[in-house]
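**Q** Got a sequence here, can you build the structure:
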Amino acid sequence: MRTFEKICDLRAFLKSQKRSDLRIGLVPTLGALHWGHAALIKAARRQNETVVVSIFVNPTQFDDPEDFKTYPRDFQSDLAFCERHGVTAVFHPSEAEMYPTPSKTRISVPELTRHLCGAKRPGHFEGVAILVSKLFHIVQPDCAYFGEKDAQQLAIIRRITRDLRFPITIVSVPTVRETDGLAMSSRNALLNPEQRRAAAALNRHLQNAQQLLKSGENGLEKIKTQLIQRIQSESAAEIDYVEIVDAETLQPATAVDRALLIAAAVYFGGVRLIDNFSCNFAKKDES
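**A** Below is the predicted model of the structure:
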């Protein structure tokens, strides 16, 4: 496994891979790697001969300076994780390497960011978009891999890739969960035992709402109200948002006739966690 800190060195290495007609898969991360990231790497290895994992805590996507400061960082552990999982190259740039001057460029998709996390974290997805676009230009992968837990991020990256004509296939990977159902996240390590127990219930409450939809309940406000009440019953939980939206446009859903996303962001103590479940009620094309 190779490790690169400089863009020019990584590009030179990848140029040699392309000369050998090797497919390149990119897994962008903030570090603090866990089994959710392992699933992304595994998917990338299945489809590509060369797998690049980027590890960079991106300052432009943090709307809260304290959150950026406390985000888990353990590069040596991440490096060992990547080696164990067969990564070809790790890209670990400095902030100065990625942002040699303050970034004045903005990439935004307003239609996809005015709800869910976008409404609560102004500028967050612009920061994600500029970093991912930089990585796409630097690595020039054939495929890039993102988790379905970050459903809004995934939708935005798909749209950016389409609109900016990046010749890259975006591959989504299902959410990986702990044994108690909690979606794997680097932030889980920040939970104390009481918060951890409460956080595990988020999965159950979202799944219950999903089952109500699947069983034929079409009162979306009723389902949303019940979901909010269930989450609020957890002693350590403070809701940021609970929404049922169109899975493609991310606009609030008004009918059960398409692919829907039940999404929530909840604080447990000071730790903000997100999760979602989907239901597809779109009619199949019978032509």
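
**Q** separation between the closest residue to Thr249 other than its chain neighbours and Gly118?
**A** Distances taken as C-beta to C-beta, 6 or more residues apart in numbering place Glu111 nearest to Thr249, at 6.9 Å, with adjacent residues excluded. For every residue, glycine as well, the C-beta is placed using N, CA and C. With distances taken as C-beta to C-beta, to the nearest Å, Glu111 is found 10 Å from Gly118.

**Q** So which of the two has more stuff around it?
**A** Gly118 (21 against 12; other C-beta atoms under 10 Å).

**Q** Skipping adjacent residues, who's closest to the more buried one in space?
**A** Closest residue in space to Gly118, ignoring its immediate chain neighbours: Phe125 at 5.5 Å, by C-beta to C-beta, 6+ apart.

**Q** how about the nearest residue in space to Asp163 that is not next to it in sequence, phi and psi?
**A** Once flanking residues are discounted, Asp163 sits nearest to Val109: 7.9 Å by C-beta to C-beta, 6+ apart. The phi/psi pair for Val109 (degrees, to the nearest 10) reads phi -130, psi 80.

**Q** Could I get the pLDDT score of Val109?
**A** Looking at Val109, its pLDDT stands at 94.

**Q** my read: it touches Ala129, true?
**A** Yes - the criterion here is C-beta atoms under 8 Å, and Val109 meets it with Ala129 at 7.4 Å.

**Q** Find the residues that touch each one of these two.
**A** Common neighbours of Val109 and Ala129 (criterion: C-beta atoms under 8 Å, 6 or more residues apart in numbering): Ile156, Ile160.

**Q** Wasn't Val245 part of a strand?
**A** Yes - Val245 forms part of a strand when assessed by DSSP: H, G, I helix; E, B strand; the rest coil.

**Q** beta partners for it?
**A** Pro252, Leu261 (DSSP bridges).

**Q** who touches it in this structure?
**A** Val245 sits next to His115, Leu116, Gln251, Pro252, Ala253, Leu260, Leu261, Ala263 when contact means C-beta under 8 Å, 6+ apart.

**Q** Name the member of these with the most neighbours.
**A** The most neighbours of any of the contacts of Val245, using other C-beta under 10 Å, belong to Leu116, which has 26 neighbours.

**Q** Roughly how far does it sit from Pro72?
**A** Distance, Leu116 to Pro72, using C-beta to C-beta: 23 Å.

**Q** So, low pLDDT: which residues of the chain?
**A** 282-287 (pLDDT under 70).

**Q** Checking my notes, Asp240 in a strand, right?
**A** Yes - according to three-state DSSP, Asp240 belongs to a strand.

**Q** Quick check on the spatially closest residue to it that is not a sequence neighbour: phi, psi?
**A** Leaving out its chain neighbours, the residue that sits closest to Asp240 by C-beta to C-beta, 6+ apart is Ala265, at 3.9 Å. With angles defined as degrees, to the nearest 10, Ala265 sits at phi -130, psi 130.

**Q** in terms of contact, does Ala265 touch Leu273 like I think?
**A** Yes - Ala265 is within contact range of Leu273, at 7.2 Å (criterion: C-beta under 8 Å).

**Q** quick one: stretch 23-35 to chain centroid distance?
**A** For stretch 23-35, the gap between its own C-alpha mean and the chain's C-alpha mean amounts to 11 Å (C-alpha atoms, centre = their mean, to the nearest Å).

**Q** Just the buried residues of that stretch, please?
**A** Residues of stretch 23-35 classed as buried: Ile24, Gly25, Leu26, Val27, Pro28, Thr29, Leu30, Gly31, Ala32, Leu33, His34 (neighbour count, 16 or more other C-beta atoms under 10 Å).

**Q** Next: stretch 91-110.
**A** Under the neighbour-count criterion of 16+ other C-beta under 10 Å, stretch 91-110 has Phe91, His92, Pro93, Met98, Tyr99, Ile107, Val109 buried.

**Q** Between the two ends of it, how far is it?
**A** End-to-end distance for stretch 91-110: 30 Å, by C-alpha to C-alpha, to the nearest Å.

**Q** Mind listing residues that contact it?
**A** Counting by C-beta under 8 Å, 6+ apart, 3-7, 10, 52-56, 58-60, 75, 125-126, 129-131, 133-135, 138-139, 156, 159-160, 163-164 sit against stretch 91-110.

**Q** now do 7 Å
**A** Stretch 91-110 is contacted by residues 3-7, 10, 52, 54-56, 59-60, 75, 126, 129-130, 133-134, 156, 159-160 when judged by C-beta atoms under 7 Å, 6 or more residues apart in numbering.
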